[in-house]
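**Q** Any chance you could fold what I've pasted below:
(one chain, ligands or ions: 1)
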Amino acid sequence: MDFDPTDEQLALQDSVRRFASERLNDDLVARDRAGGFSRKLWEECAVFGLQGLPVPTEHGGQGADLLTTSLAMEALGESCHDGGLIFSLNAHLWSAALPLVEFGTPEQQADHLPQMCDGSKIAVHAITEPAAGSDAMALTTTARPDGDSYVLDGTKHFITNAPEADLFVVFATIDPALAWAGVTAFLVPRGTPGLSTGTGVEKMGLRTSPTGEVVLRQCRVPARNVLGEPGSGMMVFDYAMRLERACIMASAVGLMQRQLDECLIQAEGRRQFGRPIGDFQAVGHTLADMKVRLEAGRLLSRRAAWLADRGELTASEAGIAKLFLSEAAVQSSLDTVQLHGGHGYMTEAGLERQVRDAVGARIYSGTSQMQRNIITAGLRAKA
Ligand SMILES: Cc1cc2nc3c(=O)[nH]c(=O)nc-3n(C[C@H](O)[C@H](O)[C@H](O)COP(=O)(O)OP(=O)(O)OC[C@H]3O[C@@H](n4cnc5c(N)ncnc54)[C@H](O)[C@@H]3O)c2cc1C
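**A** Reported below is the predicted structural model:
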């Protein structure tokens, strides 16, 4: 296995770094405080090509493989300080755009993918409900068959991008008696009567990524909007979650690289007791642990994307990458604050925001505990 980027991939990483540092970091402390999503930055990312990167060219994308896309996301995480924007991009890509590429009909793909690549449509993946979180297949949103359509009723919450979204991938059951075998994915465009979203909820971190409810009341959706087959929602969900867990943390690799670079500058530049603080073993060991997390995380992230490209990504491999990187990003973010002392704790430094943003990854796309359950199940299935 050789995950060293090719010259082409290195050039892509360079251009992503340049784009991000020149265009995406303005006013971030204020935007984070206000909790505002920027559609303008979203559109700039689309013009640059981020939303279309792994989408095949025939659908308006650039047809990059997943390893190349992950490398681009590493570079984005390194140079874009807006963790919320990166998270919104990730949610749109892995759990909406690529499932549409995999399961969509040619008509569904033509209706949505070009606009999802050019930035004019933002998409969401809506499965979580107030009483069905980790146990996602226990959802109670119903899709009652009625002639050549389905009537959806239910409430989804904590949905990334919902307040701003144009297209909703909604999971509902066509027959609660069938349990998971009744779960079906539907494409519901904004404007469909009976679909509404709130203005969004306040949250600890990722505050520039909008999050909110999706409410469906007698929401009639034509049968041609089923994504996949009726009853195949579990397959669509599983596909989306594997990809997302394999790739969503690539940007955390870039973040951890930036944190290590900044901490090295701090270790050399900050002097106490007449010496650079890097002279103190406790500081040096913190840097060493950050480096180990970075290198291990980088390998896991690239390996998961490489496995996905080869069609060999298991739920367990995806879970390993997601679990390791989300926990690593929290620890490295805390270490970065710690090595910057009081300055690190102050909002203006932008370091406490990284802690708040990082904690979300232990919960979204399946909690760390659920990833451990998946990894254990993989081990026991092999035993
Ligand atoms: C920032 C953010 C963005 C999100 N975006 C989306 C989105 O776009 N679309 C979407 O559908 N959802 C989204 N979610 C929801 C997310 O997927 C759920 O919050 C997550 O799956 C956990 O569900 P829950 O919140 O109901 O917690 P619960 O499932 O109630 O879990 C509570 C606690 O119990 C633990 N627990 C539960 N079951 C087990 C078990 N079997 N073994 C061990 N521990 C267990 C959990 O790990 C957790 O610590 C988002 C969440 C966040 C925080």
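**Q** which ones are touching residue 46?
**A** Neighbouring residues of residue 46 by Cβ atoms under 8 Å, 6 or more residues apart in numbering: 52, 117-120. Heads up, the C-betas are built off the backbone N, CA and C, glycines and all.
**Q** Revised request: answer the last question for residue 150.
**A** 143-144, 172, 174, 184, 186, 220-221, 223, 226.
**Q** for residue 162, same thing?
**A** Residue 162 neighbours (Cβ under 8 Å, 6+ apart): 124, 126, 156, 168, 197-198, 200, 210-214.
**Q** Quick check: residues of this protein near the ligand?
**A** Contact residues, the chain versus the ligand (Cβ under 6 Å from any ligand atom): 91, 124-128, 133-134, 158-160, 206, 211, 360, 363-364, 366-367, 369-370, 373.
**Q** Repeat the analysis, applying 5 Å as the threshold.
**A** Proximity of the chain to the ligand (Cβ under 5 Å from any ligand atom) is limited to residues 127-128, 133-134, 158-160, 360, 363-364, 367, 369.
**Q** From these, which land in strands?
**A** 158-160 (DSSP state E).
**Q** Which of the residues you listed ranks first by neighbour count?
**A** residue 160 (28 neighbours; other Cβ atoms under 10 Å).
**Q** want to throw the ones in strands among the residues of the chain next to the ligand into TSV with pLDDT and distance to residue 350?
**A** Output for these, formatted as TSV (pLDDT from 0 to 100; distance: Cβ to Cβ, whole Å):
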residue	pLDDT	distance to residue 350
158	98	25
159	98	27
160	98	22
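**Q** Pick the one among those residues closest to residue 250.
**A** If you rank these by distance to residue 250 using Cβ to Cβ, residue 160 comes first, at 16.9 Å.
**Q** what's across from the closest one in the sheet?
**A** residue 211 (DSSP bridges).
**Q** The contacts of residue 150, buried ones only, as a ChimeraX selection?
**A** The ChimeraX command for the buried members of those (criterion: 16 or more other Cβ atoms under 10 Å) is given here:
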select :143,172,174,184,186,220,221,226
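**Q** Phi first, then psi, for residue 273.
**A** Backbone torsions of residue 273, given as degrees, to the nearest 10, read phi 50, psi 30.
**Q** Just give the number of residues close to it.
**A** Neighbour count of residue 273, defined by other Cβ under 10 Å: 8.
**Q** which stretch of helix or strand covers the residue nearest to residue 146 when sequence neighbours are not counted?
**A** Distances taken as Cβ to Cβ, 6 or more residues apart in numbering put residue 220 closest to residue 146, at 7.5 Å, once the chain neighbours are dropped. Element membership for residue 220, per DSSP states H and E: strand 211-222.
**Q** same thing with residue 354?
**A** Going by DSSP H and E, residue 354 is in helix 352-360.
**Q** Residues touching that helix, excluding its own?
**A** Contacts for helix 352-360 (Cβ under 8 Å, 6+ apart): 28-29, 32, 83-84, 87, 203-207, 252, 255, 259, 326, 329-330, 333-334, 336-337, 344-347.
**Q** Between strand 211-222 and that helix, find me the angle.
**A** 40 degrees (axes from the mean of the first three to the mean of the last three Cα atoms, to 10 degrees).
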